[in-house]
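**Q** model this:
(chains A and B)
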2 protein chains.
Amino acid sequence: MSDLLQPGATIGILGGGQLGRMLSVAASRLGFKTHIFEPGANPPAGDVAHQVTTAPYEDETALAAFAASVDVITYEFENIPTTALDVLEQHRPIRPGREALRVSQDRLTEKAFLQDLGLQTAPFADIASQEDLDAALTRIGAPAILKTRRFGYDGKGQARIKTLDEAAPALASLAGAAAILEGFVDFSHEVSVIAARSPSGEVACFDPGENVHRDGILHTTTVPARLGQSQRMDAVLIAAKILNALDYVGVMGVELFVTAEGLVVNEIAPRVHNSGHWTQNGCAVDQFEQHIRAVVGWPLGDGQRHSDVVMENLIGADVERIPELARERDCALHLYGKAEAKPGRKMGHVNRIIRGK
Amino acid sequence: MSDLLQPGATIGILGGGQLGRMLSVAASRLGFKTHIFEPGANPPAGDVAHQVTTAPYEDETALAAFAASVDVITYEFENIPTTALDVLEQHRPIRPGREALRVSQDRLTEKAFLQDLGLQTAPFADIASQEDLDAALTRIGAPAILKTRRFGYDGKGQARIKTLDEAAPALASLAGAAAILEGFVDFSHEVSVIAARSPSGEVACFDPGENVHRDGILHTTTVPARLGQSQRMDAVLIAAKILNALDYVGVMGVELFVTAEGLVVNEIAPRVHNSGHWTQNGCAVDQFEQHIRAVVGWPLGDGQRHSDVVMENLIGADVERIPELARERDCALHLYGKAEAKPGRKMGHVNRIIRGK
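**A** The predicted structure is shown next:
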């Protein structure tokens, strides 16, 4: 295939959650069809996709048929089994590429990659045993946070170690999973850059957003973030450095801590990112369309916003506020079509457009 | 059913063109599923719908199954056969209601309805014969325009009569279809109001847009329209009067001519309207979501814009401009996923966001 896909082509998306759903809508705006591959039945993305395959990532026949039916493959989450990628890439290009997945699937690999690029990260150590943990705590100090190297998100697979006597139970709570200890970073606030890179190496960043978390889950993103001009420039340069190093194609979320010693990279996500949802109502080209544009080889949007926005996640029982939110002026609702509102489950978000910019 | 539907409910949409497509996307944003009923294969709306039924409007079994699978029925075009509506309404409510369809399916009925409301229209006459036409031309004068009473759109089913000797060929060109003669209106420009009404009678209007046509097809809509404060108020009051008279539920497009003698109603469309596409990038709640909100009984958006916008339709070969449009700053692309770019065919539109408001 050529780098540049024409309207009418089909984009395969691995994962049928809300990110796949919003990617699918964005693809439709550019005249593309989408085919969702998702193990779970009735995925949110299925409501707005041309086609859905319901199969596990171990079903090589289903993977091959899926790949053969699409022109390019992308994904909404980074934890796709390597064996599935091996099957898929025999048929169609996967964008972003495997190096981005390899790096971001493992917190230790990711931290080492960032450090090798000369970027600041939290102090960290590979933890395979109680001895490793004791030594790391001596070096890094408490408080610190012990995380599984793989598969954690939204505060899952993590244990805080406030004092040294919490070390043993913390390690036990991870049940033998490979782990990383991360030191705490003294930061004033967290920002994120939603950056995109095209196959030709063009990079475009959205204006950085400022993130507030609650219970380990993103609560709000506010744009513009509190950043000085040089910090803003640093944030964009850091993101560009990461994308270029990975020869990246697509949108990436780069979370940064703002500290007295400069910006510290918290983590990267090789996909559209919750902290970029504000772009749906702040920019002509949102992060979802930006990702699709990169993946199909189209020109990127420039990332400049036309409006200031505050994004707020609707988690679990927040759905009970929908009637009141629907009445709120300049408040754009984005619901994900999930049937059950479990605690901690992302059910939707709202973008509040701030007038007067 | 209750007037108010909850996320997860299914909205049935008659017609699978670009309006159905964009309605479907808007429904998904509020957590609703959509089921498209469309006689043609592979409709544009099918790419972003939960379900598609491909069947003719004469297939009563398919209609009944479709109706049974949804919670409420709406439509993207007004020329739905009455027999199909008879079947559907036995199962589920149809919104907007049948009175709006009855009035707008027939240009003569529509003009008479508007006149009965005390609104200004072009002079008009019912034309069943050459004698009717001669008498009407004597009364109304030339130039005038002869239109079929039913099924015309985008300049189809119309013949201009510039001089009296063009009367006979004009009538012949309609091949015996019931017709209406409309006198020309001396107007400076055309505007349209995209108005919405909820089941409880709440009315909300978007800011009027100014329309420019080319070859009988909408070319651009610019918001704000050139209107004084009192004209703007008149436009909104006219729209509200029409919606209230029809006990209307949903979005309606009301086209108005701006004349020295005030606003003259050109035509009404009981559905989302091409001249309201600008709202996708100008408002927190666009016309498609506004229609869905009305149909499911949710609170309406207030219709105020956050940005000025110029919408431009992409017709036929305009699709060749997509690469250049994709590079344009603040230009939001909306393509309809149609395979073939025939002359006169609406392939997509762009919304140019004007900064500095």
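**Q** What count of nearby residues applies to the spatially closest residue to A:Ser198 that is not a sequence neighbour?
**A** Among residues not flanking A:Ser198 along the chain, A:Ala294 sits closest, at 5.1 Å (C-beta to C-beta, 6 or more residues apart in numbering or on different chains). Bear in mind the C-beta positions are built from the backbone N, C-alpha and C, glycine included. Using other C-beta atoms under 10 Å in any protein chain shown, A:Ala294 has 28 other residues around it.
**Q** cool, and A:Asp330?
**A** Burial of A:Asp330 is recorded as 19 neighbouring residues (other C-beta under 10 Å).
**Q** Who does the closest residue to it other than its chain neighbours form a beta bridge with?
**A** Nearest residue to A:Asp330, sequence neighbours excluded (C-beta to C-beta, 6+ apart): A:Ile353, at 4.4 Å. Here A:Ile353 sits in beta bridges with A:Val309, going by DSSP bridges.
**Q** Correct me if wrong: A:Ile353 contacts A:Arg329.
**A** No: using C-beta atoms under 8 Å, A:Ile353 is not in contact with A:Arg329; the gap is 9.1 Å.
**Q** can you list residues touching both of those two?
**A** Listed as contacting both A:Ile353 and A:Arg329 by C-beta atoms under 8 Å, 6 or more residues apart in numbering or on different chains are B:Ala284.
**Q** Settle it for me: which of these two has more neighbours?
**A** A direct count of neighbours by other C-beta under 10 Å for A:Ile353 and A:Arg329 places A:Ile353 higher, at 21 against 12.
**Q** need the contact list for A:Leu314.
**A** Counting by C-beta under 8 Å, 6+ apart, A:Leu314 has contacts A:321-322, A:325, A:335, A:346-350.
**Q** possible to save the residues you listed as JSON lines with secondary structure and pLDDT?
**A** As requested, the contacts of A:Leu314 are exported to JSON lines (DSSP: H, G, I helix; E, B strand; the rest coil; pLDDT from 0 to 100):
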{"residue": "A:Arg321", "secondary structure": "helix", "pLDDT": "97"}
{"residue": "A:Ile322", "secondary structure": "helix", "pLDDT": "96"}
{"residue": "A:Leu325", "secondary structure": "helix", "pLDDT": "97"}
{"residue": "A:Leu335", "secondary structure": "strand", "pLDDT": "98"}
{"residue": "A:Lys346", "secondary structure": "strand", "pLDDT": "97"}
{"residue": "A:Met347", "secondary structure": "strand", "pLDDT": "97"}
{"residue": "A:Gly348", "secondary structure": "strand", "pLDDT": "98"}
{"residue": "A:His349", "secondary structure": "strand", "pLDDT": "98"}
{"residue": "A:Val350", "secondary structure": "strand", "pLDDT": "98"}
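**Q** For the stretch 101-250 of chain A, just list every one of the strands.
**A** Using DSSP state E, counting those that start in this stretch, the strands of the stretch 101-250 of chain A run over A:124-127, A:144-148, A:158-161, A:179-183, A:189-197, A:203-205, A:209-214, A:217-223, A:250-259.
**Q** List the beta-bridge partners for the residue of the stretch 251-357 of chain A found nearest chain B.
**A** Chain B sits closest to A:Leu335 of the stretch 251-357 of chain A, with a gap of 3.4 Å, by C-beta to the nearest C-beta. For A:Leu335, the beta-bridge partners are A:Gly348, B:Leu30 (DSSP bridges).
**Q** Can you check what pLDDT the model gives the residue nearest to A:Ser198?
**A** Listed pLDDT for A:Ala294 reads 98.
**Q** Pull the residues that contact the helix or strand where it lies.
**A** If you go by DSSP states H and E, A:Ala294 is part of helix A:287-296. Contacts with helix A:287-296, where a contact means C-beta under 8 Å, 6+ apart, come from A:4-5, A:9, A:11, A:19, A:22-23, A:25-27, A:29-30, A:32, A:72, A:74, A:95, A:194, A:196-199, A:204, A:206, A:249-251, A:271-273, A:276-277, A:279-280, A:285, A:298-301, A:303, B:326.
**Q** Give me the subset of the residues you listed lying in helices.
**A** When DSSP state H is applied, the contacts of helix A:287-296 are split such that A:19, A:22-23, A:25-27, A:29, A:279-280, B:326 fall in helices.
**Q** right, and the pair among those with maximum separation?
**A** The span of these, defined through C-beta to C-beta, is set by A:Leu19 and B:Ala326 at 22.5 Å.
**Q** ok, for A:Ile194, nearest residue in space, not its chain neighbours?
**A** A:Gly276 (3.7 Å).
**Q** which helix of chain A spans the most residues?
**A** Per DSSP H, chain A has its longest helix at helix A:229-245.
**Q** packing partners for it?
**A** Under the contact criterion of 3 or more C-beta pairs under 8 Å, 6 or more residues apart in numbering or on different chains; DSSP states H and E, helix A:229-245 touches strand A:189-197, strand A:203-205, strand A:250-259, strand A:262-269.
**Q** Give me the buried positions along the helix holding A:Ala294.
**A** By 16 or more other C-beta atoms under 10 Å in any protein chain shown, the buried positions in helix A:287-296 come out as A:287-296.
**Q** Show me which pair in those is furthest apart.
**A** Applying C-beta to C-beta across those, the maximum distance is between A:Gln287 and A:Val296, 15.1 Å.
**Q** and A:Ser69, how many neighbours?
**A** Applying other C-beta under 10 Å, I find that A:Ser69 has 17 neighbouring residues.
**Q** If you could redo that for A:Thr83, that was the one I meant.
**A** For A:Thr83, the neighbour count with other C-beta under 10 Å is 12.
**Q** that older thread, give the ChimeraX command for selecting the buried subset of the ones in helices among the contacts of helix A:287-296.
**A** Here is the ChimeraX command that selects the buried residues among the ones in helices among the contacts of helix A:287-296 (16+ other C-beta under 10 Å):
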select /A:19,22,23,25,26,27,29,279,280 /B:326
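**Q** Could you export the ones in helices among the contacts of helix A:287-296 to JSON lines, including columns for distance to A:Ala112 and pLDDT?
**A** Below are the ones in helices among the contacts of helix A:287-296 laid out as JSON lines (distance: C-beta to C-beta, whole Å; pLDDT from 0 to 100):
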{"residue": "A:Leu19", "distance to A:Ala112": "27", "pLDDT": "98"}
{"residue": "A:Met22", "distance to A:Ala112": "32", "pLDDT": "98"}
{"residue": "A:Leu23", "distance to A:Ala112": "30", "pLDDT": "98"}
{"residue": "A:Val25", "distance to A:Ala112": "36", "pLDDT": "98"}
{"residue": "A:Ala26", "distance to A:Ala112": "33", "pLDDT": "98"}
{"residue": "A:Ala27", "distance to A:Ala112": "34", "pLDDT": "98"}
{"residue": "A:Arg29", "distance to A:Ala112": "38", "pLDDT": "98"}
{"residue": "A:Thr279", "distance to A:Ala112": "30", "pLDDT": "98"}
{"residue": "A:Gln280", "distance to A:Ala112": "34", "pLDDT": "98"}
{"residue": "B:Ala326", "distance to A:Ala112": "38", "pLDDT": "97"}
